[in-house]
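Chemist: Just need the structure, nothing else, for what follows:
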Amino acid sequence: MKIIFHKASERGYVNHGWLTARHSFSFAGYYNPQKMHFGLLCVLNDDIVAPGMGFGTHPHDNMEIVTIPLKGALEHRDSMGNTGVIHPNEIQAMSAGSGITHSEYNHSKIEDVNLLQIWVFPKERNIAPRYDQRVFSEEEKKERFKTVVAPVKANDVMWINQDAYFSIGKFKPDSTVDYTIQHKGNGAYIFLIDGEAVIENLNLQKRDALGIWDTDKFKIQITKEAEVLIIDVPMK
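Modeler: Okay, here's the model as predicted:
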């Protein structure tokens, strides 16, 4: 088993006034040669966007993009004709494929929106761009890991163009949960959205992350009520 520990306080940070962002990996003006990616996971941004503000229309290609709102509402428009608003307990998955443009704005004029935006390198390049948005209830994630993104086309998950799996769980304190790697050769990037946990004798606080690979499974001890995101991703 190999492990890398990324403390929340050591993430990249930028404040543009309308946007404050913390970067788990090198992104835009933040560069850290020790934090380029974890396997094929290359971006995990923790963004807070001011009311009525956002990212104007911009292009993407050949990237799998997953957006997870934590608080507030995010408005989306893209060149495929998709428009909508995503809220907490909803997840957006998009294959940029051969190329798209899109914009993202805080839908509210009075409240911040806090979101995680996550990029994974694709398995196949230049596929037809694709957009999906789904609701996953609190009950589905209660005391268990619910897989919300996977490389399969099914009614209870969102499809991704990569052998990657995103799972989210919400757990009570003083509980232990097992996690088994879902694809041979993958590693797991565990991101503690909230709460406290112990993994392999390391204490994780809110927004800390731990990368684990060269293993088939591991245990997570929940020490304070926690919400946990696991990105199960190819290491090469």
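Chemist: Could I get the contacting residues of residue 58?
Modeler: Residue 58 is in contact with 101, 102, 103, counting by Cβ atoms under 8 Å, 6 or more residues apart in numbering. From N, CA and C alone the C-beta is placed, and that goes for glycine too.
Chemist: Buried only: go through the residues you listed for me.
Modeler: If you count burial by 16 or more other Cβ atoms under 10 Å, the buried members of those come out as 101, 102.
Chemist: In strands only, show me the contacts of residue 58.
Modeler: 101, 102, 103 (DSSP state E).
Chemist: Turn those residues into JSON lines, including distance to residue 11.
Modeler: Shown next, in JSON lines, are these (distance: Cβ to Cβ, whole Å):
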{"residue": "101", "distance to residue 11": "28"}
{"residue": "102", "distance to residue 11": "25"}
{"residue": "103", "distance to residue 11": "25"}
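Chemist: Name the helix or strand for residue 55, please.
Modeler: Assigned by DSSP states H and E, residue 55 falls within strand 54-60.
Chemist: Verify the stated contact: residue 137 with residue 89.
Modeler: Yes. Counting by Cβ atoms under 8 Å, residue 137 sits close enough to residue 89 to count as a contact (6.5 Å).
Chemist: Comparing those two, which residue is more hemmed in?
Modeler: Between residue 137 and residue 89, counted using other Cβ atoms under 10 Å, the more crowded position is residue 89 (15 against 9).
Chemist: now stretch 33-47, how far from the chain's geometric center?
Modeler: Centroid separation for stretch 33-47 versus its chain: 10 Å, with Cα atoms, centre = their mean, to the nearest Å.
Chemist: tell me which of the contacts of residue 58 is nearest to residue 175?
Modeler: Nearest to residue 175 among these: residue 102, at 38.8 Å, using Cβ to Cβ.
Chemist: Provide a list of residues in contact with residue 232.
Modeler: 164, 165, 166, 167, 181, 182, 183, 186, 187, 188.
Chemist: Secondary structure element holding the third one?
Modeler: In other words, residue 166. strand 165-171.
Chemist: Extract the C-alpha trace of that strand and format it as PDB.
Modeler: Presented in PDB, the C-alpha positions along strand 165-171 are these (Å, rounded to 0.1, in the frame of the first residue of the first chain):
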ATOM      1  CA  TYR A 165     -15.900   5.700  -9.900                       C
ATOM      2  CA  PHE A 166     -17.100   8.500  -7.600                       C
ATOM      3  CA  SER A 167     -18.800   7.500  -4.400                       C
ATOM      4  CA  ILE A 168     -20.200   9.700  -1.600                       C
ATOM      5  CA  GLY A 169     -21.200   8.600   1.900                       C
ATOM      6  CA  LYS A 170     -22.500  10.400   5.100                       C
ATOM      7  CA  PHE A 171     -21.600   8.600   8.300                       C
END
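Chemist: what's whichever helix or strand comes after it in contact with?
Modeler: Remark: after strand 165-171, the chain's next helix or strand is strand 175-180, criterion DSSP H and E. Contacts with strand 175-180, where a contact means Cβ under 8 Å, 6+ apart, come from 143-145, 167, 169, 171, 188, 216-222, 230.
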